[in-house]
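>>> Could you work out the structure for the sequence below:
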Amino acid sequence: MQKEECLKKSIKIGLIGYGTVGKGVAEIFEAKKDILSEKVGAELVLKKICDKTFKKKSEIFTPDPEEVLNDPEIEIFVELIGGIEPAKRFILAALERGMDVVTANKNVISQHFTEILNFAKRKRRRVYFEASVCAGIPIIAAINEGLCANKIKKIAGILNGTTNFILTEMSEKQENFKKALKTAQEFGFAESNPSLDIEGIDTASKLAILSSIIFGSHIKPSDIYIKGITDVDVLDIKYGRELGYELKLLAVMDARDDENGIFLEVSPVFVKKNHPLASVKGEYNAVFLLSDEAGPLMFYGKGAGSHPAASAVVSDIVYVARHRIESSRTHIPFVELKGKGVKIQDIYEMESGFYLRFTTVDRPGVLAQISKILAEYEISISAVLQKEISSHSPVPIIVLTHKAKFGNVLKALEKVDGLSVVKKKTVFYRIAEV
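Residues are numbered from 1 along each chain as shown. Model prediction:
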């Protein structure tokens, strides 16, 4: 049988957004169109591409999004412009007109998860968004499909390549934050305005998406405790390494005690050097999962870039196209919302070990004063590292604690910082238990 006879029909695709990822999608289609079509059982045709930078329209390219949305032949709509609006409006319009949607837009999905997915269900259509988290790493498909027999008890993920590159530069080259950020920008790993990355907001959007999938309920970025890396001092990275830890901006979802709720956090934390996450360097991403049946799992790969992200977009297109070919009688949404809310625990109730760096005068009895206050808040010391500094200078004292409540640590440090022997605000980081 000839290949043309095997392919039952053609499925036409419309794409809005021809930036880094959009161009990558077009390049993959051009290179692998026949292979992809065979996987679907239908000819895949990238019929229209829209971008506001196009000056004139042609058979394929147009500056007008309505050219894509109003084309009756287009069955799969791909949104790659990013941001909230007009992306959300385009997605809902495409669903309204009977198209399935593929997007890489973490912002619109994390903020409007319930609205978009419920609308898709009413219209008996699907929304796929694998590229919205970790680009080429198929973590959403793994959680939603590959691990559907599992209860995910914990996520600890490095979900942002920009911040991981910066922290790697600081760790390996002893560069300060500003110099490491500049290097990241020179290599193209950081935007000219990197605030969403370095302040942890990008990571929180991705954690919100993964958590929403796991619980079938919309968890918003605003539900997550967020602390970025802008205040990270290379000294703490150095001292942490001496103590056997690496500093990483981690996204954490901890549901091991989900009867009382879950903890959600994005912040720089110390990870033991022998943990797989500690060895994730540069612009790479990784997601460590703890599941009840499959046990601990880790997914690793490039979390950004034209072709890694485009790979996920094209895979989603293939999945959607298969569903359209099969024309299932019963519509099964890609992600099923359960409608049951999730209790989110107060982050200040989270218990873990902590790294504390005090800056004090060089005088006998200082550590005793600090230890007394820590004990008042049920914080016990597991290790102390005191660095020798030239005379008459403030002295750094590094303390590792046993498990303590986050809120108690904050209260204790506020009291410690009021001591006359303490010369700078105390630096603290949580020590991750992964």
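
>>> From here on, just use CA atoms for contacts and neighbour counts.
Noted.

>>> Quick one: low-confidence residue ranges for this protein.
1-8, 328-334, 339, 389-392 (pLDDT under 70).

>>> got the domain boundaries for it?
What automatic domain parsing lists as the domains of the chain is 3-135+306-326, 146-301, 347-431.

>>> How far does the longest one stretch from one end to the other?
For domain 146-301, the first and last residues are 18 Å from each other (C-alpha to C-alpha, to the nearest Å).

>>> Would you map the helices across the stretch 251-400 of the chain?
Assigned by DSSP state H, counting those that start in this stretch, the stretch 251-400 of the chain shows helices spanning 306-326, 366-376.

>>> Out of those helices, indicate the one that is most buried.
Of all these, helix 306-326 has the most neighbours on average by mean count of other C-alpha atoms under 10 Å, namely a mean of 21.

>>> helices and strands around that helix, which ones?
Under the contact definition 3 or more C-alpha pairs under 8 Å, 6 or more residues apart in numbering; DSSP states H and E, helix 306-326 sits against helix 20-40, strand 74-79, strand 100-103.

>>> what would those look like in TSV with distance to residue 228?
Below are the helices and strands packed on helix 306-326 laid out as TSV (distance: least, C-alpha to C-alpha, whole Å):
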stretch	distance to residue 228
helix 20-40	26
strand 74-79	28
strand 100-103	26
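
>>> Out of those, which one sits most buried?
Mean neighbour counts for those (mean count of other C-alpha under 10 Å) peak at strand 100-103, with a mean of 27.

>>> need the next SSE after that strand, C-terminal direction.
helix 106-111 (DSSP states H and E).

>>> by contact count, what packs against that next one?
Packing partners of helix 106-111 (3+ C-alpha pairs under 8 Å, 6+ apart): helix 201-215.

>>> The helix it packs on packs against which elements?
helix 106-111, strand 245-254, strand 263-272.

>>> a markdown table for the helices of the stretch 251-400 of the chain, including distance to residue 149?
What follows is these, written out as a markdown table (distance: least, C-alpha to C-alpha, whole Å):
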| stretch | distance to residue 149 |
| --- | --- |
| helix 306-326 | 21 |
| helix 366-376 | 44 |
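
>>> Which of those helices sits closest to residue 400?
With C-alpha to C-alpha as the measure, helix 366-376 is the member of the helices of the stretch 251-400 of the chain nearest residue 400 (11.6 Å).

>>> partners of residue 405 in the sheet?
residue 351 (DSSP bridges).

>>> Return the residues in contact with it.
Shown in contact with residue 405 (C-alpha atoms under 8 Å, 6 or more residues apart in numbering): 348-352.

>>> Packing partners of the host helix or strand of residue 172?
Using DSSP H and E, residue 172 sits in helix 161-173. Contacts defined by 3+ C-alpha pairs under 8 Å, 6+ apart place helix 161-173 against helix 177-186, helix 195-198, helix 234-242, strand 245-254, strand 284-291.

>>> now the first one against helix 234-242, angle please.
This means helix 177-186. For helix 177-186 against helix 234-242, the angle by axes from the mean of the first three to the mean of the last three C-alpha atoms, to 10 degrees is 90 degrees.

>>> which other helices and strands contact helix 177-186?
Under the contact rule (3+ C-alpha pairs under 8 Å, 6+ apart), helix 177-186 is packed against helix 161-173.

>>> From residue 134, how far off is residue 183?
From residue 183 to residue 134 the distance is 22 Å (C-alpha to C-alpha).

>>> Equivalent analysis for residue 393, please.
Relative to residue 134, and taking C-alpha to C-alpha, residue 393 is found at 45 Å.

>>> More neighbours: which of these two?
residue 134 (30 against 12; other C-alpha atoms under 10 Å).

>>> Name the nearest residue to that one, ignoring sequence neighbours.
Excluding the flanking residues, the one nearest residue 134 by C-alpha to C-alpha, 6 or more residues apart in numbering is residue 303, at 4.2 Å.

>>> If you count neighbours, what's buried in stretch 188-197?
189-190, 197 (16 or more other C-alpha atoms under 10 Å).

>>> sorry, that was for stretch 226-236
For stretch 226-236, by 16+ other C-alpha under 10 Å, it's 226-229, 232, 234-236.

>>> and which of the residues you listed is nearest residue 22?
residue 228 (29.0 Å).

>>> How about the closest one, nearest residue that isn't a chain neighbour?
With C-alpha to C-alpha, 6+ apart, the residue lying closest to residue 228 is residue 199, at 3.9 Å.

>>> What is the neighbour count of residue 362?
17.

>>> Now it: closest residue in space, sequence neighbours ignored.
Closest to residue 362 by C-alpha to C-alpha, 6+ apart is residue 395, at 5.9 Å.

>>> Kindly report the same for residue 426.
residue 358 (5.0 Å).

>>> need the contact list for the one you found.
Residue 358 neighbours (C-alpha under 8 Å, 6+ apart): 395-399, 422, 424-427.

>>> likewise residue 382?
399-402.

>>> make it 10 Å
Contact analysis of residue 382 by C-alpha atoms under 10 Å, 6 or more residues apart in numbering lists 353-354, 399-403.

>>> The residues you listed in strands, which ones?
353-354, 399-401 (DSSP state E).

>>> Ranking by neighbours, what's the top pick from those residues?
residue 354 (25 neighbours).

>>> burial measure for the residue nearest to that residue when sequence neighbours are not counted, as a count.
Closest residue to residue 354 apart from its sequence neighbours, by C-alpha to C-alpha, 6+ apart: residue 430 at 4.5 Å. The tally of other residues near residue 430 (other C-alpha under 10 Å) stands at 22.

>>> does residue 430 count as helix, strand or coil?
Three-state assignment for residue 430 (DSSP: H, G, I helix; E, B strand; the rest coil): strand.

>>> OK, contacts around it?
Taking C-alpha under 10 Å, 6+ apart, one finds 247, 267-271, 351-356, 400-401, 403-404, 406 in contact with residue 430.

>>> Surely residue 426 and residue 411 touch.
No. Judged on C-alpha atoms under 10 Å, residue 426 makes no contact with residue 411 at a distance of 11.8 Å.

>>> In terms of neighbours, single out the busier of these two.
Per other C-alpha under 10 Å, whichever of residue 426 and residue 411 has more neighbours is residue 426, with 19 against 13.
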